[in-house]
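In: let me see the structure of the following:
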Amino acid sequence: ISSGQGSAEAKAAALAGPPHITEHANRTCQPCLFFASQHGCARGVGCRYCHLEHQVNSSPRPRKQTRDKIKERVLQIFRENSRNLHDELQAEAR
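Out: All right, here's what the predicted structure looks like:
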């Protein structure tokens, strides 16, 4: 099995989990930041965030000062080695 097929299988298995279909249809769901990433969501079917396709917002790139603040906050979360890393990063993205 190639890595592309494994990734597709992992995404298909994740979709079989809690579907969040009602929230997704109402546009009230919270998309999983990790699902569409190169490595996918490590929580798979146990993830409480939506793994369905979402429309990408094309907003302008934040200025450098803002990007640096965001980067520092993410690094701080990693340094704290939190048990809820997934949830904390999701919260920071809002």
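In: can you get me a residue count around residue 60?
Out: Residue 60: 5 surrounding residues under other CB atoms under 10 Å. For glycine as for every other residue, the C-beta is placed from the backbone atoms N, C-alpha and C.
In: quick one: secondary structure of it?
Out: coil (DSSP: H, G, I helix; E, B strand; the rest coil).
In: now it. Its backbone dihedrals?
Out: phi -60, psi 150 (degrees, to the nearest 10).
In: which pLDDT value goes with it?
Out: What the model reports for residue 60 is a pLDDT of 86.
In: and for residue 24?
Out: The model's pLDDT for residue 24 equals 77.
In: again, but for residue 69
Out: 93.
In: so which helix or strand takes in it?
Out: Element membership for residue 69 (DSSP states H and E) is helix 64-79.
In: list the buried residues for the helix or strand that that helix is followed by?
Out: Following helix 64-79 in sequence order, the next helix or strand is helix 85-93 (DSSP H and E). Across helix 85-93, burial judged by 16 or more other CB atoms under 10 Å covers 86, 88, 89, 90.
In: what is the neighbour count of residue 51?
Out: Using other CB under 10 Å, residue 51 has 27 neighbouring residues.
In: would you format the buried residues of helix 85-93 as TSV with distance to residue 79 included?
Out: Conversion of these to TSV gives the following (distance: CB to CB, whole Å):
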residue	distance to residue 79
86	16
88	12
89	13
90	18
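In: which one of the residues you listed is nearest to residue 29?
Out: residue 90 (12.0 Å; CB to CB).
In: for this structure, which spans come out with low pLDDT?
Out: Applying pLDDT under 70 to the chain picks out residues 1-20.
In: center of the chain, which residue is that?
Out: Centroid-nearest residue in the chain: residue 33, 1.4 Å away (criterion: CA atoms, centre = their mean).
In: now for residue 32, how many residues are close by?
Out: That count, for residue 32 with other CB under 10 Å as the rule, works out to 22.
In: do I have it right that it meets residue 46?
Out: No. Look at residue 32 against residue 46 with CB atoms under 8 Å: they stay out of range, at 11.3 Å.
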